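Q: What would the 3D arrangement of this be:
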Amino acid sequence: MTAIKHALQRDIFTPNDERLLSIVNVCKAGKKKKNCFLCATVTTERPVQVRVVKVKKSDKGDFYKRQMAWELRDLAEVDAKDASKENPEFDLHFEKVYRWVASSTAEKNSFISCIWKLNQRYLRKKVEFVNVSSQLLEELPKAEESVPSGESQSVAGGDEDALDDYQELNAREEQDIEGMMEVCEYAISNAEAFAEKLSRELQVLDGANIQSIMASEKQVNILMQLLDEALSEVDTIEGKLSSYEEMLQSVKEQMDQISQSNRLIQISNTNNGKLLDEIQFLVNYMDLSKGHIRALQDGDLSSPKGIEACINASEALLQCMNVALRPGHEKLMAVKQQQHLFTELRDTFARRLTNHLNNVFVHQFNHFSHFKMTIPQFYRSSCMSLPGHDQSSTLSQHTAELTLPKHSPLHRDLLRYAKLMEWLKNTQREKYDGLSRTYVDYMTRLYEREIKDFFEVAKIKMAGTTKEGKGNKFATLPRKESALKQETESLHGSSGKLTGSTSSLNKLAVQGSSSRRSQSSSLLDMGNMSASDLDVADRTKFDKIFEQVLSELEPLCLAEQDFISKFFKLQQHPTLAQGEVESDGGVPSRQPPPGEHRHSMSLTEKDMVRLMMNKIFQSIETELNSLIALGDKIDSFHSLYMLVKMSHHVWTAQNVDPASYLSTTLGNVLVTVKRNFDKCISGQIRQMEEVKISKKSKVGILPFVTGFEEFAELAETIFRNAERRGDLDKAYVKLIRAVFMNVEKVANESQKTPRDVVMMENFHHIFSTQSRLKISCLETERREAKHKYTDHLQSYVINSLGQPLEKLNHFFEGVEARVAQGVREEEVSYQLAFNKQELRKVIKEYPGKEVKKGLDNLYKKVDKHLCEEESLLQVVWHSMQDEFIRQYKHFEGLIGRCYPGSGITMEFTIGDMLEYFSSIAQSH
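A: Just a heads-up that it's a prediction; the model follows:
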């Protein structure tokens, strides 16, 4: 172990200026044994540092390396595990517990003893030793304990000699020993003799030292005398220093007093400055001028100057009330008085403002309501003043402008108070809400009256327009004056309002229906009115009336919504969260505490605007639906106009503000219009399915086919550049499929007219209509109609041509049948039933005169089958000519192939046939 200790000191600790005091060979407890060394060391430089170093032997060579080091002052506890028994285990408690097992108990005890002594000397018993035998913990001498850790090296060196028996020689000592051994020849061979020689030389040197000391006694006495004199001088200097110190102490005390006084003066100045700042803050931000107070108490709220003064005063008051007070300000009596004054001024001015605005609302409402006689009342009073007078003529004579009153003067007058309303909203929310309710109540009554009168005029104009367009027809009908009066009164009802019932208009429409439309309901006849009774001018007038209604409502609603947003300050974002903010003027302010906002904004401001608009204009949607129902009753085609106009206005309103009241309301009404449009289409399809045809007359063009043509012509005009073209395309598809299906149904049921004629004429009409209108969504149906028309034309021609040459047709059908059975064509003439004599016999039955006679009868029959409206007679006759020529050529070909060399020919030629067809067509 000594050699290891010497090697560690030389290789590891000497280069680091450290001295190795104790070493123990250990391994970690509970793990595979990997031996290492724990070393207790001290530094050779001051201040002395004591460490515990872990050293490990390298695996690749026979040298040691320093692995870890701990300061002894970081050691909290040494646990020896057992004080009575020998146990090689011990624990060192640094930042964590390190458990070790020593190679022997002796090494462990020696190491712990060294740690204890170092603890006693350098750490003043800081480390705690547990389960350590008392024999190891020996007390150090008192003198040594009293020596500080940084005292003379001799004390530390003596202790270190006591701690360690082995002392390494330095280089000079080694050189001296080597020199002595070289002088003495037997230094190695006879060590005892060499030792005795050294001992004798040492005694000689000691004697010489003693003689030298004794010889220098006189110099020592002189030195001691000088030391005594120096000590006396030191005492004198110490006395002077003590007196100087007393003087300085007095000066120090005086300076301390001056410093304390200056500090108190500085504190006082600082406090005075802060107090001045607080007073200036309160004076600047919590002082309201007398002019503002007078404006709040007695300011004129009717003149522009008075309103401006009240606005400035209210803003100054709000700024004073919202000042963010600093801690402790609330306890000041002056602050409490000012806050009380501000509260009284706020309540007083809020009361004055609320009463004044209530009076303004009442005055404006009475101004718009007083001396106002609506047009419908004038109509009714005029009619009632003329007993027995036809009210329909009265309605046509007394025309009125279909406009709504403008409320811009009212809005302009009230917008002067917008800033005051904002102040009221921020300070007195209950009064603000009360004013909002009051305004909504008054405006609801005003608008309800104006809107009802407006829609009454619109309904009267709408009904009057229809009547004027049919005046000539109605004049020819036998009608009693009382019946006409009763019908007119049904438009207004007992209360003078135009109701949704239009039974009288339905009766008038039924009387004006034409004879041809009486067979089945046309596509235009959704409201029991015929297409001949409703011309384009009437529909254009209705379109203008409906557009005028929407054009009047739209700016009215937008203007009112814009006014509500500005007057009630509802276009801004909700109030910020509580806490201090800084206004534009740099004044610190605070948000009102929760107690002042008992009405927290559970609804967004847009929701509040929408609720107010819904309340004010609650009658618009009902009146619009009533107007739409009336228009639909008068003429089902009005739903097309209304769908286009309403869609355009909804699209415009949504582009401006998708969440506005106007956009929402018109969107709801648009749903009703679209439902009426779909109901119209469904009703027409149902009427197609219920159509009945006459059994005694030819069918011709079916009513719903011509009706679809009229519908498509009008719809294309109405929906040109419309936003909802898709709705019309869907309706087109539904209607055309229903037309196709019901044309085939009628053709199958027809008894007077052949099925092919019904299909050919109607599908030709459908194809012509679609080709002329060029409806892109019906391109497939157009091609299908053309295909059906062509097929049925060919079928009709073939079936009709079989009759003039009936026997000849039967004969050649028999020939073709024999050929199909396998008989060669040139051998057909040998068949008994089809020999040359039979062929000549059949041909003689159809001379040219008989053929012309048969074609003439065929022309008359075709003319009887076809209707004049479609003008297909010449088309069919030309197709028959082509088919007849084709059959003629086919017969001649069969004769040439089956009867070669017989010289048999028909009694007439192709030139004869062309002349027959031409002369017959010209003769008719």
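Q: so Arg263, which of the three states?
A: Using DSSP: H, G, I helix; E, B strand; the rest coil, the structure places Arg263 in helix.
Q: What distance do you get for it to Pro847?
A: For Arg263, the distance to Pro847 equals 153 Å [CB to CB, to the nearest Å]. For the C-beta atoms, the positions are set from N, CA and C on the backbone; glycine is no exception.
Q: neighbour-wise, which of the two wins?
A: Ranked by neighbour count (other CB atoms under 10 Å), Arg263 and Pro847 place Pro847 first, with 13 against 10.
Q: Let me know the helix or strand that the nearest residue to that one once chain neighbours are set aside is in.
A: In space, Pro847 comes closest to Glu907 once its chain neighbours are excluded; the distance is 4.5 Å by CB to CB, 6 or more residues apart in numbering. Using DSSP states H and E, Glu907 sits in no helix or strand.
Q: begin at 37 from here
A: OK, 37 is where the count begins now, so the last one is Glu943.
Q: What is the burial count for Glu943?
A: Around Glu943 there are 14 residues (other CB under 10 Å).
Q: now do Ala76
A: 23.
Q: So it, which state does it fall into?
A: Classified using three-state DSSP, Ala76 is strand.
Q: OK, contacts around Met648?
A: When contacts are counted by CB atoms under 8 Å, 6 or more residues apart in numbering, Met648 touches Ser472, Val476, Ile600, Phe604.
Q: Kindly list the single helix or strand of the protein that scores lowest on mean pLDDT.
A: helix 539-547 (a mean of 31; mean pLDDT, DSSP states H and E).
Q: need the next SSE after that helix, C-terminal direction.
A: Helix 539-547 is succeeded, C-terminally, by helix 572-603 (DSSP H and E).
Q: Go through that following helix and flag the buried ones.
A: By neighbour count on 16 or more other CB atoms under 10 Å, the buried set for helix 572-603 is 574-575, 577-579, 581-583, 585-590, 592-594, 596-597, 599-603.
Q: For the contacts of Met648, which single residue is the most surrounded?
A: Tallying neighbours with other CB under 10 Å puts Ile600 at the head of these, with 24 neighbours.
Q: all strands of this structure, in order?
A: Secondary structure of the chain (DSSP state E): strands at 54-64, 72-79, 86-93, 100-107, 113-115, 125-129, 133-138, 164-166, 616-618, 624-626.
Q: Between these, which one is closest to His403.
A: Proximity to His403 (CB to CB) singles out strand 624-626 among those, at 40.0 Å.
Q: Just the mean pLDDT for the closest one, thanks.
A: The pLDDT scores in strand 624-626 average 55.
Q: And for stretch 666-673?
A: 82.
Q: now stretch 387-407
A: Per-residue pLDDT over stretch 387-407 has a mean of 81.
Q: and that stretch, C-alpha only, in PDB?
A: Extracted as PDB, the C-alpha positions of stretch 387-407 are listed here (Å, rounded to 0.1, in the frame of the first residue of the first chain):
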ATOM      1  CA  ARG A 387     -83.100  62.100 -16.400                       C
ATOM      2  CA  ARG A 388     -83.300  65.300 -18.400                       C
ATOM      3  CA  LEU A 389     -82.000  63.700 -21.600                       C
ATOM      4  CA  THR A 390     -84.400  60.700 -21.300                       C
ATOM      5  CA  ASN A 391     -87.400  63.000 -20.800                       C
ATOM      6  CA  HIS A 392     -86.400  65.300 -23.700                       C
ATOM      7  CA  LEU A 393     -85.800  62.400 -26.100                       C
ATOM      8  CA  ASN A 394     -89.100  60.800 -25.100                       C
ATOM      9  CA  ASN A 395     -90.800  64.100 -25.900                       C
ATOM     10  CA  VAL A 396     -88.900  64.300 -29.200                       C
ATOM     11  CA  PHE A 397     -90.200  60.800 -30.100                       C
ATOM     12  CA  VAL A 398     -93.800  61.700 -29.300                       C
ATOM     13  CA  HIS A 399     -93.600  65.000 -31.200                       C
ATOM     14  CA  GLN A 400     -92.100  63.300 -34.300                       C
ATOM     15  CA  PHE A 401     -94.600  60.500 -34.200                       C
ATOM     16  CA  ASN A 402     -97.500  62.900 -34.000                       C
ATOM     17  CA  HIS A 403     -96.000  65.100 -36.800                       C
ATOM     18  CA  PHE A 404     -95.900  62.100 -39.200                       C
ATOM     19  CA  SER A 405     -99.200  60.800 -38.100                       C
ATOM     20  CA  HIS A 406    -101.300  64.000 -37.900                       C
ATOM     21  CA  PHE A 407    -103.200  65.400 -40.800                       C
END
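Q: Next, the buried residues of that stretch.
A: Arg388, Leu389, Thr390, His392, Leu393, Val396, Phe397, Gln400, Phe401, Phe404.
Q: got a list of what the second one touches?
A: Right, the one you point to is Leu389. Neighbour list for Leu389: Leu337, Cys346, Tyr453, Leu456, Leu460, Lys467 [criterion: CB under 8 Å, 6+ apart].
Q: Can you add pLDDT and give those back as CSV?
A: Listed next are the contacts of Leu389 as CSV, based on pLDDT from 0 to 100:
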residue, pLDDT
Leu337, 88
Cys346, 91
Tyr453, 90
Leu456, 90
Leu460, 89
Lys467, 90
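Q: Output the residues you listed as JSON lines; include the columns distance to His328 and neighbour count.
A: Shown next, in JSON lines, are the contacts of Leu389 (distance: CB to CB, whole Å; neighbours: other CB atoms under 10 Å):
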{"residue": "Leu337", "distance to His328": "15", "neighbour count": "20"}
{"residue": "Cys346", "distance to His328": "9", "neighbour count": "24"}
{"residue": "Tyr453", "distance to His328": "18", "neighbour count": "21"}
{"residue": "Leu456", "distance to His328": "14", "neighbour count": "20"}
{"residue": "Leu460", "distance to His328": "17", "neighbour count": "26"}
{"residue": "Lys467", "distance to His328": "20", "neighbour count": "18"}
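Q: Among those, which one lies nearest to Asn845?
A: Tyr453 (99.9 Å).
Q: That closest one contacts Asn395, correct?
A: No - if you go by CB atoms under 8 Å, Tyr453 and Asn395 don't touch, sitting 12.0 Å apart.
Q: one step back: closest to Ile802 out of the strands of the chain?
A: Among the strands of the chain, the nearest to Ile802 by CB to CB is strand 616-618 (73.9 Å).
Q: follow-up on the earlier one: next step: the buried residues of stretch 387-407 restricted to helices.
A: Within those, residues falling in helices by DSSP state H are Arg388, Leu389, Thr390, His392, Leu393, Val396, Phe397, Gln400, Phe401, Phe404.
Q: Need the max-distance pair from those residues.
A: Spatial extent of these (CB to CB) is set by the pair Arg388 and Phe404 at 25.0 Å.
Q: Spatially, what comes nearest to Tyr832 if we skip its sequence neighbours?
A: Asp792 (3.8 Å).
Q: From Ser139, how far off is the one you found?
A: Noted for Asp792: a distance of 125 Å to Ser139, by CB to CB.
Q: cool, Ser954 as well?
A: For Ser954, the distance to Ser139 - CB to CB - is 143 Å.
Q: if I read this right, Asn778 contacts Val727, doesn't it?
A: Yes - Asn778 lies in contact with Val727 (CB under 8 Å); the separation is 6.6 Å.
Q: Tell me which of the two has more neighbours.
A: Asn778 (20 against 16).
Q: Let me see the contact set for the more buried one.
A: Neighbour list for Asn778: Met724, Glu725, Val727, Leu738, Phe740 [criterion: CB under 8 Å, 6+ apart].
Q: repeat that for 7 Å
A: Met724, Glu725, Val727, Phe740 (CB atoms under 7 Å, 6 or more residues apart in numbering).
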